[in-house]
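**Student:** got a structure for you, letters missing:
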């Protein structure tokens, strides 16, 4: 199973690279750069109050909460529009409720999108059932316009399965 | 073990996770890499461009957790020896071996059983098989158990002599992760499966369970009486009178007395009447032979053997007063 998964991984990454290559060839330096980050979210108690702190993820175990951030920046001289950031959700995590309910998500590998509440998946009995946060395969954000020099970020909370 | 997702989306997801995607009850397997990459598409003039972010990678560390349960329904009767069964489950997310400690000393015990053998049910058939199941020393460890996997532990105990019938006892089996245990959150750098750290989970990586025993023993009460028959048909202890001694051995309790033997000496001033020894009314020869008794001028000796509680045996012999 492991070897099989690895083979698929290599194949999928290759496709990704091939898909990106022609575009990169046309435009030597893409105007927009993306930077991915991850932090570990810890809830600590301070003076009797619960407080969330972000830490470098040195030790991560099932049940831990992660914050995946993607920073974007338009380094070009032209505005960009229809900016859509798509993030496949790693298999080993599930999207936390606060992100699952807020963002545009997909439960079918990125083919169709919507609010989680409007999506269904095939249940174990073969009939559709309402999708839950654990069914999310992809999450995405849309930014209408990024002005030249402007930057921003999108993020989602996830829990290690 | 079950897959974290439906097969429908496995192909698409494989691109985002390397390593095992199997999730145990405790979560994703230790050493799994979580890799996150975002991509973006956008318009610029008439062209559409796609860019990818760098990939961030996190390795899942090993959570050390264990559960122990006693498998016997109710108390196990302990007459001579008994087998107690326990299950040790690796509730962590990495392969882990566990040290097994057995303690027969538990607060509230009516007696403390003698631990004879600790064995792991190697073929997992639920039956203790000497010579097949792996014997470990107290404090020895199980083989490495995969996440969610369990080992059945047998503890063979013996009833200490003199234990009162129907007294109760408990035997504690404790399992402790070999990598380490302690306060939840304690971490052992670099000792996790897959090269990460090992972190103690909510169970403290140390768990125990109690198996219950109920002693089944028996005790013996001896009652001796005598009857005199004098030469004149009376009951006076005069020379020439015959004294018939009766010894009743009565076993009580739910268990069985083993190797019961009744012996008595011939009282001074009397002489044993040859071939007068009986057991349950049946004559026993004086000689040491195939029957249960021997007798001589000095005394009698009757081997009764096993006697279950609630039963009794009666031995008689005769002497004459000198």
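**Tutor:** Thanks, I have the structure now. Since we're looking at a predicted model, the values are computed, not measured.
**Student:** How is chain A divided into domains?
**Tutor:** Using automatic domain parsing, the domain ranges for chain A come out as A:1-29, A:31-160.
**Student:** Let me know the average pLDDT across the last one.
**Tutor:** Looking at domain A:31-160 alone, the average pLDDT works out to 94.
**Student:** and it, how far apart are its ends?
**Tutor:** End-to-end distance for domain A:31-160, by Cα to Cα, to the nearest Å: 34 Å.
**Student:** okay, now the residue of the stretch 1-150 of chain B found nearest chain A: neighbour count?
**Tutor:** The stretch 1-150 of chain B approaches chain A most closely through residue B:27 (2.2 Å), counting by Cβ to the nearest Cβ. Every C-beta, even on glycine, is put in place using the N, C-alpha and C of the backbone. Using other Cβ atoms under 10 Å in any protein chain shown, residue B:27 has 23 other residues around it.
**Student:** Pairing partners for it in the sheet, please.
**Tutor:** Beta-bridge partners recorded for residue B:27 (DSSP bridges): residue B:24.
**Student:** quick one: contacts for it?
**Tutor:** A:61, A:62, A:63, A:160, A:161, B:60, B:63, B:93 (Cβ atoms under 8 Å, 6 or more residues apart in numbering or on different chains).
**Student:** rerun at 7 Å
**Tutor:** For residue B:27, the contact set (Cβ atoms under 7 Å, 6 or more residues apart in numbering or on different chains) comprises A:62, A:63, A:160, A:161, B:63, B:93.
**Student:** Tell me which of these fall in strands.
**Tutor:** Within the contacts of residue B:27, residues falling in strands by DSSP state E are A:160, B:63.
**Student:** hmm, stretch A:93-110 in reach of chain B?
**Tutor:** Yes. Using Cβ under 7 Å from any Cβ of the partner chain, stretch A:93-110 reaches chain B at A:93, A:108, A:109, A:110.
**Student:** And the next helix or strand past the host helix or strand of residue A:82?
**Tutor:** Applying DSSP states H and E as the criterion places residue A:82 in strand A:80-88. Next in sequence after strand A:80-88, counting helices and strands by DSSP H and E, comes strand A:93-95.
**Student:** Confirm residue B:243 sits in a helix?
**Tutor:** No. Read with DSSP: H, G, I helix; E, B strand; the rest coil, residue B:243 is strand and lies in no helix.
**Student:** what are the bridge partners for it, then?
**Tutor:** Taking DSSP bridges as the rule, residue B:243 bridges to residue B:228, residue B:319.
**Student:** can you pull the contacts of it?
**Tutor:** Here residue B:243 is in contact with B:226, B:228, B:270, B:318, B:319, B:321 (criterion: Cβ under 7 Å, 6+ apart).
**Student:** which residues pair with residue B:117 across the strands?
**Tutor:** Applying DSSP bridges to residue B:117 gives these bridge partners: residue B:156.
**Student:** What of residue B:264?
**Tutor:** Counting by DSSP bridges, the residues bridging with residue B:264 are residue B:300.
**Student:** ok, it - how many residues close by?
**Tutor:** 16.
**Student:** any idea how far residue B:276 is from it?
**Tutor:** Note on residue B:264: its distance to residue B:276, by Cβ to Cβ, to the nearest Å, is 13 Å.
**Student:** again with residue B:60
**Tutor:** From residue B:60 to residue B:276 the distance is 86 Å (Cβ to Cβ).
**Student:** The two: which has the busier surroundings?
**Tutor:** Neighbour count, other Cβ under 10 Å: between residue B:60 and residue B:276, residue B:60 has more, with 30 against 19.
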